[in-house]
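Participant: Would you be able to build a 3D model of this:
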Amino acid sequence: MRRLRPLLPAVLALALALALALATSALGAGAPVADTGPATGVGQTQATLTAKVDPRGSATTVRFDLGTSTSYGLQSASADAGSGTGTVTVQVPVAGLTAGTTYHYRVQATSDGGSAQGADATFTTDAAPAATSRPAVTTGPTRSVTPSTATLTGSVDPQGAATTAYFEYGTSTSYGASTPGVALGAGTSSRSVSAAVTGLTAGKTYHYRLVAVNAKGTTRGSDRSFRAGTTPTGATLEAGTDPVVYGRPATLSGRLSGTRTNGVRVRLQITPFPFDSPFADTLSPVRSSSSGRYAFTLPALTITTRAVVIADGVPPVLSPIVVLRSAVRTGITSVHRARGTVTVSGRLTPATAAGVAALQRRGSGGRWVPLRRARTDAAGRYRIVLRSRRTAMEVRTVGLPHDGGGHVRGTSRIVRIAGR
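Facilitator: Now for the predicted structure:
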């Protein structure tokens, strides 16, 4: 114990130092200290806000309240002030400000130990330069011209003053219509301007020019013109023959009307009986002639079919629907005389389950008079037996398909049968 007594003063001094250090550390973990600094780099639309911040040992984030009054209303981006125990300078840039305007700002510093708020400060953005001259204007070409719309283009140099630009347009150099104004700012270099116009009349010529206005006056660009796109507005369609005998070609033709009729692509679409499928393209598209005409030939019509043409246009143009009726092909293949009778044989194509062959003779005055009917067999064949007549007669067969509409009646050639 006697040997340890000389060490007691040193031990007590070390304990006291540790206690003081712990107390100092506890005090340093409090809220940060923040003082609003001056604004630097102030321009027409931007500035850099500064502050002095002591994080006091805790990670601290800094931002600025900003506005045109002490109500502020805006906040800057955040910046990191670190977690040291000494004062650091924090800088946060702000942009999108209004030229010639006084702004209020103050710093806000936040850490786990609390938050601190600096005093209010102000700065005034630089005023926009006074206009030195009227804006410089160039009327440009049109883009994306359709029968009803177009995009007008041009360029404007504001000449350092706040400038607004718009287009005047119309069917003459008196114009009469204008696009909404576009704010271009107060730069000193050329800026591109464009505006879409709608409600144009296909094929009509329009004049337009770009106009720009600033504090020094109004500049009107040179006049330019364009022609609204052309388009067909109507299409006809008709069948060359109606009905068409089963298996024979069917011709369809028509004509375009509107501001454009020459060289227009035209497509033929069809849907066959019973018309429960949508119209679909058939054959290759054709181009209309200089007079707007076009034609299609289906190589073999075998069932009643609906047809329509679609011409390229804005919007595409559809013709009325045309029905191509397929007539059953009706034939008389032989006439045989024997023992006071005449047998007429033939065939209906296509064969139908309820097909009927009706034999007729030509009466006085050219009217056709019914003679006798016969059902066709599964192959479409028929055979009709008559008593022979003293006098010659002309006969024909009318084929009745009775298939619900897929085909219509057809007529055979006329055959002369000699008398007894």
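Participant: is Ala116 in a bridge, and if so with what?
Facilitator: Ala109 (DSSP bridges).
Participant: Just give me the neighbour total for it.
Facilitator: For Ala116, the count of nearby residues is 21 (other CB atoms under 10 Å). Heads up, the C-betas are built off the backbone N, CA and C, glycines and all.
Participant: tell me the contacts of it?
Facilitator: 31-34, 108-109 (CB atoms under 8 Å, 6 or more residues apart in numbering).
Participant: could you redo the last one with a cut-off of 10 Å?
Facilitator: Going by CB atoms under 10 Å, 6 or more residues apart in numbering, Ala116 touches 30-35, 53-54, 56, 60, 62, 107-110.
Participant: same thing with Ser111?
Facilitator: Ser111 sits in contact with 29-32, 53, 55-62, 81, 83, where contact means CB under 10 Å, 6+ apart.
Participant: if you look at these, which of them are in helices?
Facilitator: Per DSSP state H, helices hold no members of the contacts of Ser111.
Participant: So how do I select the buried members of those residues in PyMOL?
Facilitator: PyMOL command restricting the contacts of Ser111 to the buried ones, with burial defined by 16 or more other CB atoms under 10 Å:
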select buried, resi 31+32+53+55+56+57+58+60+61+62+81
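Participant: Arg373: which of the contacts of Ser111 is nearest?
Facilitator: Thr61 (102.3 Å; CB to CB).
Participant: Okay, the closest one and Gln108: tell me how far apart.
Facilitator: 9 Å (CB to CB, to the nearest Å).
Participant: what do those two both touch?
Facilitator: 78, 115.
Participant: Farthest-apart pair in the contacts of Ser111, please.
Facilitator: Ala29 and Val62 (18.1 Å).
Participant: so what does the helix or strand hosting Arg267 touch, helix or strand wise?
Facilitator: For Arg267, the enclosing helix or strand under DSSP states H and E is strand 265-272. In terms of contacts (3 or more CB pairs under 10 Å, 6 or more residues apart in numbering; DSSP states H and E), strand 265-272 is packed against strand 250-258, strand 280-287, strand 293-298, strand 305-311, strand 322-324.
Participant: Low-confidence bits of this structure, can you list those?
Facilitator: 1-29, 129-131 (pLDDT under 70).
Participant: For Tyr103, which residues are in contact?
Facilitator: So Tyr103 contacts 39, 42, 47, 49, 66-69, 72, 74, 94, 97, 121-125 (CB under 10 Å, 6+ apart).
Participant: Mind doing that once more with 6 Å?
Facilitator: Phe123 (CB atoms under 6 Å, 6 or more residues apart in numbering).
Participant: Ala47 touches Ala39, doesn't it?
Facilitator: Yes. Judged on CB atoms under 6 Å, Ala47 makes contact with Ala39 at a distance of 4.8 Å.
Participant: Between these two, point out the one with more neighbours.
Facilitator: Applying other CB under 10 Å to Ala47 and Ala39 shows that Ala47 carries more neighbours, namely 23 against 19.
Participant: Look up which helix or strand the more buried one falls in, please.
Facilitator: strand 46-54.
Participant: Packing partners of that strand?
Facilitator: strand 33-40, strand 88-95, strand 102-111 (3 or more CB pairs under 6 Å, 6 or more residues apart in numbering; DSSP states H and E).
Participant: if we compare these, which one ends up closest to Pro315?
Facilitator: strand 88-95 (46.4 Å).
Participant: Near Val369, how many other residues are there?
Facilitator: Neighbours of Val369 under the rule other CB under 10 Å: 11.
Participant: measure it to Val107 for me?
Facilitator: 114 Å.
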